[in-house]
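K.L.:
Requesting a structural model of the entry that follows:
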Amino acid sequence: MKNIVRFDITHTEPIVIKHNGIVVTSDEVECLLGTNEFTIEGTKFVVNDMLMYKMGSKEIVRHATTNNGIWSLKYEYPVFSWLHNKSQHGWLIKEDNE
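P.N.:
Sure, this is the predicted structure:
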């Protein structure tokens, strides 16, 4: 199953959306193993919503930072574990790989 992040952004000025340094031209991206970074460069935009596995919504947006005019969200793959941790839903049982 792919780890897909869907987002909804409104803007009145041009913006550049990047995922892991690559310019994004659609409203969804696929996560990669490890740390991922979603950035938005520009002014006069609002990130209305972000969904991972149809979960998170505005909760995800609150974990973003803005530095030097660049909106940034760093998150981990697998997304479900990252969301579970950030939403403080308690602990998850690790896989038994023995």
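K.L.:
residue ranges for the helices of the protein, please.
P.N.:
Applying DSSP state H to the chain gives helices spanning 58-61, 79-86.
K.L.:
how about these, which one is nearest Asp8?
P.N.:
Taking C-beta to C-beta, helix 58-61 is the member of the helices of the chain nearest to Asp8, at 10.0 Å. C-beta: built from backbone N, CA, C; applies to glycine.
K.L.:
if you average pLDDT over the closest one, what comes out?
P.N.:
The pLDDT scores in helix 58-61 average 82.
K.L.:
Tell me which residues of that helix come out buried.
P.N.:
Ile60, Val61 (16 or more other C-beta atoms under 10 Å).
K.L.:
what packs against it?
P.N.:
strand 45-52, strand 70-77, helix 79-86 (3 or more C-beta pairs under 8 Å, 6 or more residues apart in numbering; DSSP states H and E).
K.L.:
ok, 7 Å please
P.N.:
Applying 3 or more C-beta pairs under 7 Å, 6 or more residues apart in numbering; DSSP states H and E, we find helix 58-61 packed against strand 45-52.
K.L.:
Give the buried residues for the strand it packs on.
P.N.:
Phe45, Val47, Met50, Leu51, Met52.
K.L.:
Including distance to Ile70 and pLDDT, could these go into a markdown table?
P.N.:
As requested, those are arranged in a markdown table below (distance: C-beta to C-beta, whole Å; pLDDT from 0 to 100):
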| residue | distance to Ile70 | pLDDT |
| --- | --- | --- |
| Phe45 | 11 | 95 |
| Val47 | 13 | 93 |
| Met50 | 16 | 89 |
| Leu51 | 22 | 86 |
| Met52 | 21 | 80 |
